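Asks: Make a model of this:
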Amino acid sequence: MKPLRIAGAGLAGLACGYELARRGAKVVLYERSDAPGGVARHAGGMLAPWCERESAEEEVITLGAMSADWWEAITQVTRRGTLVLAPRRDRAELSRFARRTTQHRAVTGAEIGSLEPDLAGRFEQGLFFGDEAHLNPRQALTDLAQAIEGLGGEIRLGTQASDDVDIDCTGIASPQSDLRPVRGEMAYLHCPGVAITRTIRLLHPRIPVYLVPRGDGLYMIGATMVESSSARPPTLRSLNELFSAAFALHPAFAEASVTETGAGLRPAFPDNLPRLTHVGGTWHLNGLYRHGFLLAPAMATRLAQHLFPENSHEDHRQRRTA
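Replies: The predicted structure is shown next:
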């Protein structure tokens, strides 16, 4: 069987390689950098379709609802839900978030303390999305690459793909003309004095942020969306906003060690939804926007079903019974 050649071993390329290899295809991924994962290494790793509905289309829920199960077959997934909070002065933001989303329940200050004891007494109200989850992106990308190789696939790092590949997953480097870059910014904080076990979204009218635990006192904090095409490192202003949000969540973060900061450009189409297109003999999967870990599984599965329709029903049955 002729190998299927995939340009790009970022999140989209790896997900496609895995789904195709699972169906018996020989896949070869070409990645021009020296490590797989690309900009997804800076992601939050939130598998939170119902929270994302606050600013995204209904299709994000439809596509993202299966993501936690998909990832759990590959890497560790933490299923402890998402807690959405707002300072008292921003309570209107919490009400707006509740109106625009589903699959949550309102929680009181006492319930917040029960869910996260270190936040007891700090917030009066919140929303709890109990069916959501998160993962560690860097570990997940490593595990996904290893799963591809375990299925007989090949990942060629430091290698530029040719122009006639079968599948293009090159993100913002793609020749597709209507893509735009959306900047993501993040920092890693080491704060062993705080114990938080689930994703926290802290609402603010100007820059909502999220905090995701990585274990052993390490937390990733990031901005949900920054409309910018600049690839430079995070600015002092944006880092100050992230750190101020962490301090608002718990004052012990003032003593946290900043172990890493970073920024990356994520590809997005005008409607902020991913697209799978077939042009000139090449499939293109792109536009994961800021929903990469949430939507890549469904989009990669969709591609595999186009290429191997005879395996689609069997694959669906196996996933439901796995």
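Asks: Which helix or strand contains the closest residue to Leu151 other than its chain neighbours?
Replies: Nearest residue to Leu151, sequence neighbours excluded (CB to CB, 6 or more residues apart in numbering): Ala21, at 3.8 Å. C-betas here are computed from N, CA, C, even on glycine. Secondary structure from DSSP states H and E places Ala21 in helix 11-22.
Asks: Dump that helix to CSV, restricted to CA.
Replies: Provided in CSV are the C-alpha atoms of helix 11-22 (Å, rounded to 0.1, in the frame of the first residue of the first chain):
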residue,chain,number,x,y,z
LEU,A,11,-1.9,18.5,16.5
ALA,A,12,-4.0,18.2,13.4
GLY,A,13,-1.4,16.2,11.5
LEU,A,14,-0.8,13.9,14.4
ALA,A,15,-4.6,13.3,15.0
CYS,A,16,-5.0,12.5,11.3
GLY,A,17,-2.0,10.2,11.3
TYR,A,18,-3.4,8.3,14.2
GLU,A,19,-6.9,7.9,12.8
LEU,A,20,-5.5,6.7,9.5
ALA,A,21,-3.0,4.4,11.0
ARG,A,22,-5.7,2.8,13.2
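Asks: what about the residue nearest to Leu151, distance to Arg302?
Replies: Separation of Ala21 from Arg302 (CB to CB, to the nearest Å) stands at 16 Å.
Asks: Those two: which has the busier surroundings?
Replies: More crowded of Ala21 and Arg302, by other CB atoms under 10 Å: Ala21, with 21 against 16.
Asks: can you pull the contacts of that one?
Replies: Shown in contact with Ala21 (CB atoms under 8 Å, 6 or more residues apart in numbering): Val27, Ile148, Leu151, Gly152, Gly153.
Asks: any idea of the pLDDT on it?
Replies: What the model reports as pLDDT for Ala21 is 98.
Asks: got it, and Leu276?
Replies: Reading off the model, Leu276 has pLDDT 97.
Asks: And the one 5 residues further on, by the same measure?
Replies: pLDDT, Gly281: 93.
Asks: where along the stretch 151-300 of the chain do the helices fall?
Replies: Using DSSP state H, counting those that start in this stretch, the helices found in the stretch 151-300 of the chain span residues 236-249, 292-307.
Asks: Would you mind saying which of the ones you listed lies nearest Thr261?
Replies: helix 236-249 (6.4 Å; CB to CB).
Asks: can you give me the offset of the closest one from its chain's centre?
Replies: Distance of helix 236-249 from the chain centroid (CA atoms, centre = their mean, to the nearest Å) equals 21 Å.
Asks: where does the stretch 51-200 of the chain have low pLDDT?
Replies: Along the stretch 51-200 of the chain, segments meeting pLDDT under 70 are nowhere present.
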